[in-house]
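>>> coordinates only, sequence not included:
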C-alpha cells in the first residue's frame, strides 16, 4: 500500500509516494477509514484485518485478527485414521495443521498449495508451496519439518499432488 501524490507533468502525470503498508499483507482488497476518524485506516487483505492508527505519518498496521477465522483455505488433506488431523494449504499464507479442535498451527510459509498425507504412513506428508514440493517425515509438525523434494520453479501457481485412493488392503499402493 502506498500513499501517493499525483501531479500533472507536461502531457502526463507524475506519481510520488511512500509505503503505508508495513505488517499488512500485500494483497489488499479494501481500505476504509473509520467514519468520522481520518486517523484510523483499516485494511482487509489476504492476511485478514489490520488497522493503522496514524496513516498520515506512520506506515505500521496492527493485526486485528484475534478471534477471526478469515484465511482462505485452498486445499486440504486428512489423516487416514484420525479425522481430527488435517493439513491445509492457505491462499498466500502457507500451510496450517490441526490435530483436532479449533486451533491451527502455522507449519510452513509462503503460498500454500496442495497437501497430501500418506495413508499407509501418515508421518509422511507432502505439500506444494512457493513453486516447490516439500516433504516431512514427522507429519508436518512445524516449520523445521520440511525438506525440499522437488523444485518446479513456479511453472504453475499450484500443482496438484495426486495419490492413489485409500486402499488399506494394499499398503504398497501408498
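It's in. What you see is a predicted model, and the numbers here were worked out from it, not measured in a lab.
>>> Which strand residues bridge residue 96?
residue 88, residue 106 (DSSP bridges).
>>> distance of it from residue 63?
Distance of residue 96 to residue 63, computed by Cβ to Cβ, to the nearest Å: 16 Å. C-beta coordinates here come from the backbone N, C-alpha and C atoms, glycine included.
>>> what about those two, which has more around it?
residue 96 (22 against 14; other Cβ atoms under 10 Å).
>>> Please name the residues that touch residue 55.
Contacts for residue 55 (Cβ atoms under 8 Å, 6 or more residues apart in numbering) come out as 3, 20, 38-39, 41.
>>> any idea which of those is closest to residue 142?
residue 20 (32.9 Å; Cβ to Cβ).
>>> Next, count neighbours for residue 81.
9.
>>> Quick check: chain neighbours aside, which residue is closest to it?
What sits nearest to residue 81 in space, not counting adjacent residues and going by Cβ to Cβ, 6 or more residues apart in numbering, is residue 122, at 7.3 Å.
>>> Doesn't the one you found belong to a helix?
No: using DSSP: H, G, I helix; E, B strand; the rest coil, the assignment for residue 122 is coil, not a helix.
>>> residues near it, how many?
18.
>>> Cross-check the contact I'm expecting between it and residue 78.
No: using Cβ atoms under 8 Å, residue 122 makes no contact with residue 78, being 9.8 Å away.
>>> Give me the common contacts of the two.
With Cβ under 8 Å, 6+ apart, residue 122 and residue 78 have common neighbours residue 85.
>>> Excluding chain neighbours, what is closest to residue 2?
Residue 2 sits nearest to residue 17 (Cβ to Cβ, 6+ apart), 4.4 Å away.
>>> next one: the helix or strand the one you found falls within to chain centre, how far?
Using DSSP states H and E, the element containing residue 17 is strand 12-19. Chain-centre distance of strand 12-19: 30 Å, with Cα atoms, centre = their mean, to the nearest Å.
>>> what's around the closest residue to residue 85 other than its chain neighbours, how many residues?
With Cβ to Cβ, 6+ apart as the criterion, residue 85 has its nearest non-adjacent residue at 3.6 Å, and that residue is residue 79. Residue 79 has 18 neighbours, counted by other Cβ under 10 Å.
>>> same check, this time on residue 139
Residue 139 has 19 nearby residues by other Cβ under 10 Å.
>>> quick one: contacts for it?
Taking Cβ under 8 Å, 6+ apart, one finds 85, 97, 117, 122-123, 125, 145 in contact with residue 139.
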